[in-house]
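Trainee: fold the stuff below for me.
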Amino acid sequence: MPASSPDAGRRRLRHPARLQQQRDFARVRQQGQRLALGCLIANWHSLPEGARPRLGVVTSRKIGGAVVRSRARRLLRESFRQHQNEFAHPVELVLVARNSIAGKKFVEVEKDFLTTLRRAGLLK
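Mentor: Numbering: from 1, shown residues only. Purely as a prediction, here's the structure:
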């Protein structure tokens, strides 16, 4: 992309950066580690050096209706997107939204996200 384009400074969360297959989610849960903190549960599995971090998001109906679940997914994906270049090493990350995410603002979700990753030792 040329430097003059409007998207030059943006870091998009492209399709290859997302976990979508059920087997990928299962692998991360079975082989990876888990930490629950605040409004989310993080499951992660390390990838080989040179790989890009990947994200999967899980929202249950217990959180609320479709609008609430969609907002929770957007907030978690945006937190990951803004900090995807800050990982100490590449990981596959599955974030599970907890009931407490309903009604939270982005700043609160981002704070929980960063605190969880710091405690897990995933950030630089």
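
Trainee: buried residues in the helix ranked longest in the chain?
Mentor: Using DSSP state H, we find that the single longest helix of the chain is helix 66-83. Neighbour-count burial for helix 66-83, counted by 16 or more other C-beta atoms under 10 Å, picks out 68-69, 71-73, 75-77, 79-81, 83. All C-beta atoms are positioned from the backbone trio N, CA, C, and that covers glycine.

Trainee: helices or strands up against it?
Mentor: strand 54-58, strand 91-97, helix 106-120 (3 or more C-beta pairs under 8 Å, 6 or more residues apart in numbering; DSSP states H and E).

Trainee: just the mean pLDDT for that helix, thanks.
Mentor: What helix 66-83 shows for mean pLDDT is 95.

Trainee: pull the CA atoms of it into CSV?
Mentor: Below are the C-alpha coordinates for helix 66-83, written out as CSV (Å, rounded to 0.1, in the frame of the first residue of the first chain):
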residue,chain,number,x,y,z
ALA,A,66,-27.5,-10.9,19.3
VAL,A,67,-26.8,-7.1,19.6
VAL,A,68,-25.0,-7.6,22.9
ARG,A,69,-23.0,-10.6,21.7
SER,A,70,-22.0,-8.8,18.4
ARG,A,71,-20.8,-5.8,20.4
ALA,A,72,-18.8,-8.0,22.7
ARG,A,73,-17.1,-9.6,19.7
ARG,A,74,-16.3,-6.2,18.1
LEU,A,75,-14.8,-4.9,21.4
LEU,A,76,-12.6,-8.0,21.8
ARG,A,77,-11.5,-8.0,18.2
GLU,A,78,-10.7,-4.3,18.3
SER,A,79,-8.6,-4.7,21.5
PHE,A,80,-6.6,-7.5,19.7
ARG,A,81,-6.3,-5.5,16.5
GLN,A,82,-4.8,-2.4,18.3
HIS,A,83,-2.3,-4.5,20.2
